[in-house]
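Participant: Pasting the sequence and the predicted coordinates here, then a few questions.
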Amino acid sequence: MKKLSLRPNQRARLWITGAIVSLLGAAFGCQLIVPTEPPPYVCQEGAAGACPTGQFCSGGTCVVGNPKDTAPPPPPPPEDANVPDTLEPPIVDAGPDRRDSAVGPAQLGGACRLDKECAAGLLCGTEGLLGQAAQTSGPVCTKICCTSEQCAAGFACLAPGSGGSYCVAAAALAPDRSLPPSGGAKGGTSCGTNTDCRSGLCADLGGSGGKRCIDSCCADGDCAGGTCNVRTLSSKYTGFVCANPPSTVAKDAGGACSGNSNCRSNYCIGQTACGVRCCASAQCGAGNSCIWNFAGPNGTDIVQHCLPTGARAPAKAPCTTGDDCASTQCELEANGQPDGSTTSRVCRDVCCLDSDCPSSERCAPAPDNPRVLRCVPK
């Protein structure tokens, strides 16, 4: 540390100051506290040896420490330094997933994956139910029907050969059909063009009577001026529709036959007896039951008709195969076991609509192939 040298006048001033301090201390009975730390050195920044060891010059005063400890950090580089500017790719909305963004249950014709996604009274029509009609649209909400008049405007009743008839949108039926904007004649009515008919299909399928509105049916009473008989439409679907009988001498149900053309229903069962459309065994008379059977050019489409069944088991009776049941429908019983498993099987009655079933049951397609309509508990 540098030694301080005082001139004579400075020493005199210091002596006088000390004397005054002593007198004040004696007069007031107190002690003046004088700092023991030496005063800070005055320095010039940047000058060599401006401050003692362990200190550095900051703002013209020597302070203890290392200049690196208190030096401010260098400013960070700009965020986009040396990084080329790029544009974020635009977000493309691929549209809503099927049913993911839907609000409430889907209505007739709406997309679905499960029955529970459809409004009350509707079910999810997969390709297994609607056949080719569902190949382009995917599964959609539909309802069972007997005629197109039971469907909303813009929909027609289609028998796709799966065992029931369902309301299908006009777009899924094009170009085979052209539905009118509203109205239209019922099945079996004479017609000139497709748009004359509620079903959107006007055709001459043979027999006498010329062109008629071709529509699905559950009984002769559904058809005006025709009969409910088995036909194959557009080489795609086989089922009961309103059309002219094959001939004027065709036989009624139960009549002997050797081929379909011998029957008003255009359906000869086993080349022995004419069949008739049915929706419940009560329509078939004593000793007969309403059953499902295969039909069509490939023998893969399903129709329902009356047939003598003898002593086969009624609905709800235990069964092993369809041969055990009067209806020929034997299926797993839902929740048949205490643990909820489905190992037991029961007979079910076939149907066309809910009204064909007891009040405690509803008409619905079987969960597995063949997807026949049958009565099940609500």
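Facilitator: Thanks, I have it. Note that the structure is predicted; figures quoted are calculated from it, not measured. Numbering: from 1, shown residues only.

Participant: residue contacts, V303?
Facilitator: 230, 238-240, 267, 277, 292-295 (Cβ atoms under 8 Å, 6 or more residues apart in numbering). C-beta: built from backbone N, CA, C; applies to glycine.

Participant: same question, S162
Facilitator: Contacts of S162 by Cβ under 8 Å, 6+ apart are 128-131, 301-302, 365, 370-371.

Participant: what about the nearest residue to C197 once chain neighbours are set aside, how many neighbours?
Facilitator: In space, C197 comes closest to C213 once its chain neighbours are excluded; the distance is 3.5 Å by Cβ to Cβ, 6 or more residues apart in numbering. Counted with other Cβ atoms under 10 Å, residues neighbouring C213 total 29.

Participant: you'd agree C213 is up against N244?
Facilitator: No: counting by Cβ atoms under 8 Å, N244 is not a contact partner of C213; they are 11.5 Å apart.

Participant: Most neighbours among the contacts of V303, which one?
Facilitator: In the contacts of V303, the most neighbours by other Cβ under 10 Å go to F240, 31 neighbours.

Participant: Surely that one forms part of a strand?
Facilitator: Yes: F240: assigned to a strand according to DSSP: H, G, I helix; E, B strand; the rest coil.

Participant: Would you mind measuring from it to G296?
Facilitator: Look at F240 and G296: by Cβ to Cβ, to the nearest Å, they are 12 Å apart.

Participant: Now for S208: which residues touch it?
Facilitator: 244-245, 247-248.

Participant: One more pass at 10 Å, please.
Facilitator: 244-248 (Cβ atoms under 10 Å, 6 or more residues apart in numbering).

Participant: Out of those, which end up buried?
Facilitator: 244-246 (16 or more other Cβ atoms under 10 Å).

Participant: Columns secondary structure, distance to G287 and pLDDT on top of the residues you listed, output as JSON lines?
Facilitator: Conversion of these to JSON lines gives the following (DSSP: H, G, I helix; E, B strand; the rest coil; distance: Cβ to Cβ, whole Å; pLDDT from 0 to 100):
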{"residue": "N244", "secondary structure": "coil", "distance to G287": "31", "pLDDT": "90"}
{"residue": "P245", "secondary structure": "coil", "distance to G287": "26", "pLDDT": "86"}
{"residue": "P246", "secondary structure": "coil", "distance to G287": "27", "pLDDT": "84"}
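
Participant: circling back: looking at the contacts of S162, spot the one nearest C347.
Facilitator: P370 (15.2 Å; Cβ to Cβ).

Participant: Surely the closest one touches G163?
Facilitator: Yes: counting by Cβ atoms under 10 Å, P370 does reach G163; the two are 5.6 Å apart.

Participant: Helices of the stretch 51-200 of the chain, residue ranges please.
Facilitator: Remark: helices assigned in the stretch 51-200 of the chain by DSSP state H, counting those that start in this stretch are 67-70, 127-130, 170-173.

Participant: what lines up beside the helix or strand that the last one is followed by in the sheet?
Facilitator: Read in the C-terminal direction, the helix or strand following helix 170-173 is strand 202-203, with elements assigned using DSSP states H and E. Strand 202-203 has the following strand partners under DSSP bridges: strand 212-213 (antiparallel).

Participant: Quickly, which of the helices of the stretch 51-200 of the chain bottoms out on average pLDDT?
Facilitator: The minimum mean pLDDT among those belongs to helix 67-70 (a mean of 54).

Participant: how many neighbours does E149 have?
Facilitator: Each residue near E149 was counted by other Cβ under 10 Å, and the total is 15.

Participant: thinking it is in contact with R198, fair?
Facilitator: Yes: at 5.9 Å, E149 counts as touching R198 under the criterion of Cβ under 10 Å.
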